[in-house]
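S.K.: here you go, sequence then predicted model.
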Amino acid sequence: MFAYSTLVIWNFAVREYSTNVLLVFSLVLFLVRGLQLLREALTLPPGPWGLPILGSLPFLKGDLHLHYRDLTHKYGSMISTRLGSQLIVVLSDYKMIRDTFRKEDFTGRPDTEFTNILGGYGVINIAGKLWKDQRRFLHDGLRHFGMSYLSSRKTQMESRIMTEVEEFLVVLKARVEEPVDLNPVFAVSISNVICDVIMSVRFSHNDSRFIRFMNLIDEGFRLFGSLEATLFIPLLRYLPGHNSTRQKISKNRSEMARFFQETIDEHKETFDPSHMRDLLDTYLYEIQKADEEGNGHHLFEGKDHDRQMQQIMGDLFSAGMETIKSSLQWAVLFMLHHPDKMRAVQEELDQVVGRQRLPKLEDMSYLPVTESTIYEVLRISSIVPMGTTHAPIRDVKLNGFHLPQNAQVVPLLHAVHMDPTLWTDPEKFNPSRFVNSEGKVTKPEYFLPFGVGRRMCLGEVLARMELFMFFSSFLHSFDISVPADSTLPSLKGVAGVTISPKPFKVSLRARAMEWDHVDSSLRPAGSH
Ligand code: HEM
């Protein structure tokens, strides 16, 4: 009995003790978290408190860039918010964005599930010495193949783009009778420009290899998109469906890698160091040189050479295709909404270029209406509304706030382009805002479609060349209108990595060129 009651008392005491320990432990945890939050509130930029673990995730509705914009309206031009475990800092003031991203400290990329899958290869999602070396190497390589307005090699790039513009116009000429979805036609033409520069590959329209390639890219974006939640709540990695998504991603990536590797192998077989065909050749040259000097294993910070080339091909393709295609689609959409602006561009082209040829790069400086229309499309559509996410490479102070290493720092370019204190009536499509009183095109320092600072767009010059050549030749060759049985398509975009217009079709009417009456053998080069 005594033993029993001792046991009961003992059990009771133990249970009481355990409950107390649990209570004390929870209290300590609560206090620590409370102190953490307090410390954050004092040292981080202002922003919503959010819920434990989930942060502001449950309050997200609609497009993320609009959610961030609303927060900056409420809390100021530098805000912080938590999405799950990730600390996000959003900058919406252009001077702050510029001054921050000029600093070496902000050249990092956040360490996430996504960057883990990419394994530290490529250029876009890496940081440190490899990023710096690769960025410089690609910058020089792209200039070598004509991505520069100042170099005499500019004509090389111009003729690569022109080949695609001409093919694009031929395809469209055959489609004037029916409403056309320009998206797939742009996709092939724009892909061909970047694929030609990277690896001398061109696809024909309706090419099954291209369709498979694009499906892989689209599927890749979709699969990575479905991992998004785990970027914010890493515990979700342990849910049952997660592994199968990762397996699909890895299968998809292997097929892409095989496609790129076949091209790399073909290049290796036909490589001639005295005749550089494309960026891939410049990589092979670099590898050959490093091997001869006995430095091969140090190249790319010791990473696998073929995998690095594969990821560079993937990075440049994904950065240089969707962006230009979406911008051109926006340009077409704004012309449908503003036919008077379309006619203004066409009249300028008729006067300056004439009706006997297509526009050339050297015409651009004499075409302020055309150039400013392209800039206005880039401003108002802000197709990369949040730039790319940067991360401090160490704990840093910014504007008096403390930002820990690996915080996600977002440049909210959309907010800069829609700021009514910088632009009069920012919601209005008004190309003339880029033209000064002398009729010259001017770009204010707060016009940032390509970002700013050390990680700003690597392909800006190529992008501007392509946008000008496709847009001007397209409007020089066709009048566009809304198909008879359709309504004006919406200006509300679909936000993903970029913002693109919802699918729409246009009617095309060929504009007569003077060579239409001339024997085809006598037509000037670059005409149809
Ligand atoms: C209309 C077309 C384009 C737009 C609006 C655009 C915009 C941007 C923006 C906003 C960034 C991020 C800047 C930052 O966060 O600081 C970026 C990065 C980048 N862009 Fe573009 N881009 C375009 C076309 C291209 C093209 C054609 C290429 C191909 C060569 C390209 C290659 C890149 C690369 C490699 C980066 C990452 C740079 C780095 O991480 O250091 N882009 N682009």
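M.R.: Noted; the coordinates are in hand. Computed from a prediction, not measured in an experiment: that's the story for all the values here.
S.K.: CA atoms for contacts and neighbours, from now on please.
M.R.: Fine.
S.K.: report the rounded mean pLDDT for the host helix or strand of residue 243.
M.R.: Assessed by DSSP states H and E, residue 243 sits inside helix 240-270. Helix 240-270 shows a mean pLDDT of 85.
S.K.: return the list of helices and strands in contact with it.
M.R.: helix 208-226, helix 279-292, helix 305-337 (3 or more Cα pairs under 8 Å, 6 or more residues apart in numbering; DSSP states H and E).
S.K.: ignoring the adjacent residues along the chain, who's closest to the residue in the stretch 201-350 of the chain that the ligand sits nearest to?
M.R.: Across the stretch 201-350 of the chain, the shortest distance to the ligand (Cα to the nearest ligand atom) belongs to residue 320, at 3.5 Å. If the residues on either side of it in the chain are set aside, residue 320 comes closest to residue 194, at 6.5 Å by Cα to Cα, 6 or more residues apart in numbering.
S.K.: near the ligand, which residues of this protein are found?
M.R.: Applying Cα under 6 Å from any ligand atom, one finds that the chain approaches the ligand through 123-124, 316, 319-320, 323-324, 327, 384, 387-388, 449-452, 455-460, 462-463.
S.K.: just the buried residues of those.
M.R.: By neighbour count, with 16 or more other Cα atoms under 10 Å, the residues of the chain next to the ligand hold 123-124, 316, 319-320, 323-324, 327, 384, 387-388, 449-452, 455-460, 462-463 as buried.
S.K.: narrow the residues you listed to those in strands?
M.R.: Among these, the subset assigned to strands under DSSP state E is empty.
S.K.: now do stretch 321-334, average pLDDT.
M.R.: 96.
S.K.: and residue 485, how far from the ligand?
M.R.: For residue 485, the distance to the ligand equals 31 Å [Cα to the nearest ligand atom, to the nearest Å].
S.K.: how about that residue, phi and psi?
M.R.: In terms of degrees, to the nearest 10, the main-chain angles of residue 485 are phi -90, psi 10.
S.K.: give me the number of residues near it?
M.R.: 6 (other Cα atoms under 10 Å).
S.K.: what pLDDT does the model give it?
M.R.: 89.
S.K.: next, residue 510: phi, psi?
M.R.: Torsion angles, degrees, to the nearest 10, at residue 510: phi -70, psi 140.
S.K.: do the same with residue 87
M.R.: Dihedral angles (degrees, to the nearest 10) for residue 87: phi -90, psi 120.
S.K.: show me what contacts the closest residue to it other than its chain neighbours?
M.R.: Nearest in space to residue 87, with sequence neighbours left out and distances taken as Cα to Cα, 6+ apart, is residue 407 at 5.3 Å. Contacts for residue 407 (Cα atoms under 8 Å, 6 or more residues apart in numbering) come out as 86, 87, 88, 89, 110, 391, 392.
S.K.: same check on residue 386?
M.R.: 65, 410, 411, 412, 413, 414.
S.K.: SS state for residue 53?
M.R.: Here residue 53 takes the coil state, with states given by DSSP: H, G, I helix; E, B strand; the rest coil.
S.K.: quick check: mean pLDDT across stretch 463-480?
M.R.: Here the average pLDDT along stretch 463-480 is 97.
S.K.: hang on, the earlier thing: let's see if you can find the most crowded of the contacts of residue 386.
M.R.: That'd be residue 413 among the contacts of residue 386, by other Cα under 10 Å, with 31 neighbours.
S.K.: wait, isn't that residue in contact with residue 92?
M.R.: Yes. Between residue 413 and residue 92 there is a contact under Cα atoms under 8 Å: 7.0 Å.
S.K.: am I right that residue 479 is in a helix?
M.R.: No. Going by three-state DSSP, the assignment for residue 479 is strand, not a helix.
S.K.: skip the chain neighbours and tell me the closest residue to it.
M.R.: residue 509 (5.1 Å).
S.K.: cool, and residue 497?
M.R.: residue 384 (7.1 Å).
S.K.: mind putting the helices and strands packed on helix 240-270 in JSON lines, distance to residue 117 included?
M.R.: Below are the helices and strands packed on helix 240-270 laid out as JSON lines (distance: least, Cα to Cα, whole Å):
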{"stretch": "helix 208-226", "distance to residue 117": "10"}
{"stretch": "helix 279-292", "distance to residue 117": "23"}
{"stretch": "helix 305-337", "distance to residue 117": "12"}
